[in-house]
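*Asks:* structure, please.
(chains A and B)
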Number of protein chains: 2
Amino acid sequence: MVSLPSVRVLRVGHRFVRDDRTLTHLCLTSRALGAEAIYLEEVEPDIARSISRVNATWGGDFQVIEEKSWRDVIRKAKKEARTVVHLTMYGVPIQEKVSELRKSKKLLVVVGGPKVPREVYFAADYNIAVTSQPHSETAALAIALHEIQNGEELKKDFGKSTLRIIPKDRGKRVIRS
Amino acid sequence: MVSLPSVRVLRVGHRFVRDDRTLTHLCLTSRALGAEAIYLEEVEPDIARSISRVNATWGGDFQVIEEKSWRDVIRKAKKEARTVVHLTMYGVPIQEKVSELRKSKKLLVVVGGPKVPREVYFAADYNIAVTSQPHSETAALAIALHEIQNGEELKKDFGKSTLRIIPKDRGKRVIRS
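*Replies:* Okay, the predicted model is just below:
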């Protein structure tokens, strides 16, 4: 297996409604698709619990990190020579930039939302669109992680876990270790 | 541009909590990523309004169809020689089947959830996993639509629309017609 780049995810943007389900989906999608960590402005105990339970059951050590200042996350990323990729429907189509992005060994993928501060567009190295149509930040993140890692993330081994699925044409097969 | 296959999406599974946001995201993701229509068991007026507003503003004629019986949707799909692809973390990794799936000109992608009836696994032509890890049905759908259409869906032209984004390296540019 090809070695995967180090990918971290940052969610920017204050929440006007409490929307734990979207945040949980962003965390789980980041984890399943090979990211190491996600930074959130606020980590509700429910979310932290739910992700650590998923790690315990299904493997890996994906981290959910509370970090009030998105500026600090981006600043630190730049210090580490991490390529900062902001996902926005206003950006350049991902298919035009993906070969450049695949050259990076370390990336920070920034997921905004309609209210993302304008500054984020200028702090990012790339503003990237997964279509110029409105849809879901979870879907955009999924396709970005998948394209950046060239599909290799789908083969990721999550190591030691309590449960493991054995893929099956029909029905379910799960083994417990 | 390569011509896209005809892709329809079906959401199966009763909702135990009202979760309009997830349903809206499934609709918008299906639309943005080239599907023609989504079948839902119940279409809340909010969702119908929101999607028809998106069509009016951003183009295309994506349909949200209320259909109480998922069995009927699958039956009809089979009559039309539509390949039925059920997305489940218990299925066969998508990367192992994608070249077969790309041969289909017409598909029905079935999105389940934890409580999907066992019968769905047997009614589907393929049970396909986007990783064997728990994550988000929206993310799994996004990657499945993207892989099935080989990325061509990202170039889809939505035709006549009120607003259109001109991709930009920094900031936002939208033209009104």
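
*Asks:* residue A:127 reaches residue A:92, doesn't it?
*Replies:* Yes: between residue A:127 and residue A:92 there is a contact under Cβ atoms under 8 Å: 6.5 Å. For glycine as for every other residue, the C-beta is placed from the backbone atoms N, C-alpha and C.

*Asks:* three-state assignment of residue A:23?
*Replies:* Using DSSP: H, G, I helix; E, B strand; the rest coil, the secondary structure recorded for residue A:23 is helix.

*Asks:* for residue A:70, see how far away the residue nearest the centre of chain A is.
*Replies:* The centre of chain A sits closest to residue A:30, judged by Cα atoms, centre = their mean, with a distance of 3.4 Å. In this structure, residue A:30 lies at 16 Å from residue A:70, with Cβ to Cβ, to the nearest Å as the measure.

*Asks:* swap in residue A:7?
*Replies:* When Cβ to Cβ is the yardstick, residue A:7 and residue A:70 sit 17 Å from each other.

*Asks:* for residue A:75, grab the count of nearby residues.
*Replies:* The criterion is other Cβ atoms under 10 Å in any protein chain shown. On that basis, residue A:75 has 11 neighbouring residues.

*Asks:* what's the worst-scoring helix or strand of chain A on mean pLDDT packed up against?
*Replies:* Taking mean pLDDT, DSSP states H and E as the measure, helix A:20-32 is the helix or strand of chain A with the lowest mean score, a mean of 94. Other elements packing on helix A:20-32 under the criterion 3 or more Cβ pairs under 8 Å, 6 or more residues apart in numbering or on different chains; DSSP states H and E are strand A:6-11, strand A:37-40, helix A:45-58, helix A:137-148, helix B:20-32, helix B:137-148.

*Asks:* what's the angle from the fifth one to helix B:45-58?
*Replies:* Put plainly, it is helix B:20-32. For helix B:20-32 against helix B:45-58, the angle by axes from the mean of the first three to the mean of the last three Cα atoms, to 10 degrees is 30 degrees.

*Asks:* now the fourth one
*Replies:* Calculated by the same axes, to 10 degrees, helix A:137-148 forms an angle of 50 degrees with helix B:45-58.

*Asks:* can you list contacts of the helix or strand just after helix A:137-148?
*Replies:* On the C-terminal side of helix A:137-148, the nearest following helix or strand under DSSP states H and E is strand A:163-165. By Cβ atoms under 8 Å, 6 or more residues apart in numbering or on different chains, the residues outside strand A:163-165 that reach it are A:57-59, A:172-177, B:89-90, B:129, B:132.

*Asks:* could I get the buried residue list for strand A:163-165?
*Replies:* By neighbour count with 16 or more other Cβ atoms under 10 Å in any protein chain shown, strand A:163-165 contains the buried residues A:164-165.
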